[in-house]
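Engineer: Sequence isn't available, so here's the structure alone:
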């Protein structure tokens, strides 16, 4: 009887001890698993093209999947981001398709594992310019050769046989300043920079969807060794991207609020703070929401999309080797 009472008295203590030990095992196992995940350098372009990544970051989805980000950097252009990829500073990136393909052609060991959007570029001009055919004999601003807006410019020139133009190369924030100060008449800009320029009173004379049918915008790329060493991690990154795109489609207003807050705290590399800070201050939810409405967010990609880019890049002389779509895309991760 006394033994039975002792057992009954000690049973809760024993049960509590077992529970604590079990929880400690789970805790330390969790820490060990978390530490085993490689730290990733993730980079994006400073614009609304990267909305799925901004949403994932603010929503804590990377942490939820035990993905530890060593850095989350934004770059003012895709060309600047491609340079970081070539140095090995970045393992994962949201980047426009053109610079990604050029980087691959130059030997950077990357693979496309998903698309992120189509379109998202516009031609912004002084108020008196209302038509694409008015671009003749104008001063046109655009980002560096091989950048996505450069491809858009070159495509437009050829499609409409535009001649006698002067092209001035600058990054998007500088292009907006050049428009305001009259240094250029027209700018080829990515979103959100295009919509921001419109808010200053400039005229959008055409969007990329009106000129370049089915134009692939940006892609999610990873370093090849990340696929070789940790394909499950790559799968998680693709699933997070898919989740971000689904959130944008389901809740566009909430998505634009999140992206606005992220853009507001960004410190993009490759542009002077004195130039970018006033423009960031001008960004509000309405500008960002309108900008995101000009982009079709999608994870869909195929070899035909990439082949079209490769062919055009060869025409422009930016790609000179025998690069093929299958060299660029890893279809295992694409839904």
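Structural biologist: In hand now; what should we look at? Every value quoted in this text rests on a predicted model; they were computed, and no experiment measured them. Residues are numbered from 1 along each chain as shown.
Engineer: next helix or strand past the helix or strand of the chain at the bottom of the mean pLDDT ranking?
Structural biologist: Lowest mean confidence among the helices and strands of the chain (mean pLDDT, DSSP states H and E): helix 2-36, at a mean of 48. Note on helix 2-36: by DSSP states H and E, the next helix or strand toward the C-terminus is strand 40-45.
Engineer: which other residues reach that following strand?
Structural biologist: For strand 40-45, contacts defined as C-beta atoms under 8 Å, 6 or more residues apart in numbering pick out 50, 53-54, 67-78, 81, 84-85, 89-96, 190, 218, 226. No exception for glycine: its C-beta is placed from N, CA and C like everyone else's.
Engineer: Same question for stretch 275-293.
Structural biologist: Against stretch 275-293 from outside (C-beta under 8 Å, 6+ apart): 48, 51, 76, 173-174, 176-177, 191-192, 194-196, 199, 248, 252-253, 255-257, 259-260, 263-264, 266, 268.
Engineer: Flag every buried residue along that stretch.
Structural biologist: Using 16 or more other C-beta atoms under 10 Å as the test for burial, stretch 275-293 gives 276, 279-280, 283, 287-292.
Engineer: In helices, which of the residues you listed fall?
Structural biologist: Mapping the buried residues of stretch 275-293 onto helices (DSSP state H) picks out 276, 279-280, 287-292.
Engineer: Distance to residue 314 and pLDDT added to those, as CSV?
Structural biologist: Output for those, formatted as CSV (distance: C-beta to C-beta, whole Å; pLDDT from 0 to 100):
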residue, distance to residue 314, pLDDT
276, 34, 96
279, 35, 97
280, 37, 96
287, 37, 98
288, 36, 98
289, 38, 98
290, 35, 98
291, 32, 98
292, 32, 98
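Engineer: of all the residues you listed, which comes closest to residue 58?
Structural biologist: Nearest to residue 58 among those: residue 288, at 13.4 Å, using C-beta to C-beta.
Engineer: got the contact list for residue 73?
Structural biologist: By C-beta under 8 Å, 6+ apart, residue 73 lies in contact with 41-44, 84, 90, 269.
Engineer: got the buried residues for the helix or strand containing it?
Structural biologist: Using DSSP H and E, residue 73 sits within strand 69-75. In terms of neighbour count (16+ other C-beta under 10 Å), strand 69-75 has its buried residues at 72-75.
Engineer: Output the below-cut-off pLDDT ranges for the stretch 151-300 of the chain.
Structural biologist: Counting by pLDDT under 70, the stretch 151-300 of the chain shows no low-confidence range.
Engineer: which residues of it fall in strands?
Structural biologist: 166-169, 186-190, 203-207, 218-223, 295-297 (DSSP state E, counting those that start in this stretch).
Engineer: Quick one: closest of those strands to residue 308.
Structural biologist: Here strand 218-223 is closest among the strands of the stretch 151-300 of the chain (C-beta to C-beta), at 13.6 Å.
Engineer: how far does that closest one sit from the chain's center?
Structural biologist: Taking C-alpha atoms, centre = their mean, to the nearest Å, one finds the center of strand 218-223 at 8 Å from the center of the full chain.
Engineer: now swap in stretch 207-224 and tell me
Structural biologist: 11 Å.
Engineer: State the distance from residue 266 to residue 72.
Structural biologist: 10 Å (C-beta to C-beta, to the nearest Å).
Engineer: ditto for residue 108
Structural biologist: For residue 108 relative to residue 72 (C-beta to C-beta), the value is 20 Å.
Engineer: show me where the stretch 101-250 of the chain has helices.
Structural biologist: Ranges of helices within the stretch 101-250 of the chain are 148-160, 172-181, 193-199, 208-211, 224-229, 231-250, based on DSSP state H, counting those that start in this stretch.
Engineer: got a markdown table for those, with mean neighbour count and distance to residue 135 too?
Structural biologist: Shown next, in a markdown table, are these (neighbours: other C-beta atoms under 10 Å; distance: least, C-beta to C-beta, whole Å):
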| stretch | mean neighbour count | distance to residue 135 |
| --- | --- | --- |
| helix 148-160 | 21 | 8 |
| helix 172-181 | 20 | 14 |
| helix 193-199 | 22 | 16 |
| helix 208-211 | 18 | 12 |
| helix 224-229 | 14 | 40 |
| helix 231-250 | 18 | 32 |
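Engineer: Looking at these, which is nearest to residue 120?
Structural biologist: Closest to residue 120 of the helices of the stretch 101-250 of the chain, according to C-beta to C-beta: helix 208-211, at 6.7 Å.
Engineer: what residues does that closest one touch?
Structural biologist: The contact list for helix 208-211 (C-beta under 8 Å, 6+ apart) reads 118-122, 132, 152, 155-156, 159, 215, 217, 296.
Engineer: re the thing from before, among the strands of the stretch 151-300 of the chain, which comes closest to residue 319?
Structural biologist: When the strands of the stretch 151-300 of the chain are compared (using C-beta to C-beta), the closest one is strand 218-223, at 15.8 Å.
Engineer: Nice, that's everything, thank you.
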